[in-house]
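>>> Please find the sequence and the predicted model below.
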Amino acid sequence: MEWALDRMDLSRVRRLLDVGCGGGGPLSQLSASTEGTDFVALDLSRDMLRMTGKVNRRLREQGRLQQVRGSVTALPFADDSFDAVLACETTYFWPDIGKNLKECRRVLNDNGRLFLVQETWDAPQWKDRNKSWEKGFRMTFHSLEGYRELLMGAGFREVRTHTDDKKGWFVMEAEGRGD
Ligand SMILES: C[S@@+](CC[C@H](N)C(=O)[O-])C[C@H]1O[C@@H](n2cnc3c(N)ncnc32)[C@H](O)[C@@H]1O
């Protein structure tokens, strides 16, 4: 996340949705480098949401964090609700990534950005590692080009990609409306 944050422009973000927030670690790091931003943390799991609240207690006390139980398949927010959506280490588990990315695009405003942060993608050098994760955790991976096409197909107009080819990490920043 530290590596990713150095590559993410959060300067104009006033309201951010963290989809699949898990235990709240990424949100805690991200909020340390943003001021005046409000956050909504969403996850399928009540336990994870509880942990997010604990880890980000200061944000909660400041009234800057809302925890919402839900799924990326039907985000419980109006169109144009956010300046940014963070999806960190979660798309692997989504039931229909193409449709689900469209749902993320829907809740973003015209200038909004989606940040995909992941520690792997589908590529020959990560095949063995990915295979064991796919089997053990029912994860699905796409190639970098595949993620880019999925983002464009979801209605984004521009996608920028940063990778660490040794570690297999990437950040994709998608913005604009393609329609
Ligand atoms: C590997 S964890 C990552 C958590 C956190 N983003 C992080 O990077 O530490 C994946 C999270 O995605 C959540 N998740 C899986 N499917 C989801 C869905 N359809 N909608 C929302 N969250 C989902 C899981 O409950 C889990 O908390």
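Yes, it's here. Since the structure is predicted, the reported quantities are computational estimates derived from the model, not experimental observations.
>>> Now the phi/psi pair for the nearest residue to R106 once chain neighbours are set aside, please.
Nearest residue to R106, sequence neighbours excluded (C-beta to C-beta, 6 or more residues apart in numbering): D79, at 5.5 Å. From N, CA and C alone the C-beta is placed, and that goes for glycine too. The phi/psi pair for D79 (degrees, to the nearest 10) reads phi -60, psi 150.
>>> D79 is in contact with D110, isn't it?
No: counting by C-beta atoms under 8 Å, D79 stays clear of D110, with 10.5 Å between them.
>>> and Q66, helix, strand or coil?
Put simply, Q66 is strand when judged by DSSP: H, G, I helix; E, B strand; the rest coil.
>>> Now do it against R57, distance only.
Distance, Q66 to R57, using C-beta to C-beta, to the nearest Å: 14 Å.
>>> got it, and G168?
G168 sits 33 Å away from R57, taking C-beta to C-beta as the criterion.
>>> K127 now?
Distance from K127 to R57, counting by C-beta to C-beta: 41 Å.
>>> what does G20 give?
G20 is 21 Å from R57, by C-beta to C-beta.
>>> These two: which is more packed in?
G20 (22 against 12; other C-beta atoms under 10 Å).
>>> Would you mind giving me the confidence score for the closest residue to the more buried one other than its chain neighbours?
Closest residue in space to G20, ignoring its immediate chain neighbours: T90 at 2.9 Å, by C-beta to C-beta, 6+ apart. You'll see T90 listed with a pLDDT of 98.
>>> Please give me every residue in contact with T90.
Applying C-beta atoms under 8 Å, 6 or more residues apart in numbering to T90 gives the contacts 19-20, 22, 72.
>>> and the gap between it and S143?
According to C-beta to C-beta, T90 and S143 sit 18 Å apart.
>>> Next: C88.
Applying C-beta to C-beta to C88 and S143 gives a distance of 19 Å.
>>> And those two? Which one has more around it.
Counted by other C-beta under 10 Å, C88 and S143 do not tie: C88 has more neighbours, with 23 against 11.
>>> so how many other residues sit close to the closest residue to R105 other than its chain neighbours?
Counting by C-beta to C-beta, 6+ apart, the nearest residue to R105 once its immediate chain neighbours are dropped is G155, at 4.4 Å. The number of residues packed near G155 is 17, by other C-beta under 10 Å.
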